[in-house]
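pasting the structure only:
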């Protein structure tokens, strides 16, 4: 098995004019916005980094799995899929763990970006938007989930 640093990393579908976001900044989005927010940011960043399509699909699958885990854990802890004060910590832990898996998928292409010596783009406004929109969407979907069950 060869080292991932020795494999070619820059593919033909990479737009080198678009700067990606710093990987660890996505953890803030996960903590404050939840699984759906961080999955959206990770998927967009993977496109910016030039992660191959199977990797981007794996990011989406990881996000879906994390979201389903949130729903099932909330159901098991509270008997209903609502985000009460006591369960927020569990939801955040699952979101951050999902984020760590998604960061691992992006890491090889991020290393290639770092070798170019270009600065990262700020995640401040896209991250804030993802936290607000994704957080609200996550609550709405969880409420619809509870209603359907």
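Cool, the structure landed. The model shown is predicted, which means the values in this text are computed figures rather than measured ones.

Give the rounded mean pLDDT of stretch 122-130.
The average pLDDT for stretch 122-130 rounds to 97.

Could you number the chain from 695 rather than 1 from now on?
Got it, the first residue is 695 from now on, which makes the last one we talked about stretch 816-824.

Show me which helix runs longest in this structure.
Counting residues, the longest helix found in the chain (DSSP state H) is helix 782-810.

Following element in sequence after that helix, please.
For helix 782-810, the succeeding helix or strand toward the C-terminus, using DSSP states H and E, is helix 818-842.

name the helices or strands packed onto the longest helix of the chain?
helix 720-727, helix 729-743, helix 747-772 (3 or more CB pairs under 8 Å, 6 or more residues apart in numbering; DSSP states H and E). Just so you know, the C-beta spots here come from the backbone N, C-alpha and C atoms, and that holds for glycine as well.

Apply 10 Å and report the result again.
If contacts are counted by 3 or more CB pairs under 10 Å, 6 or more residues apart in numbering; DSSP states H and E, helix 782-810 sits against helix 720-727, helix 729-743, helix 747-772, helix 818-842.
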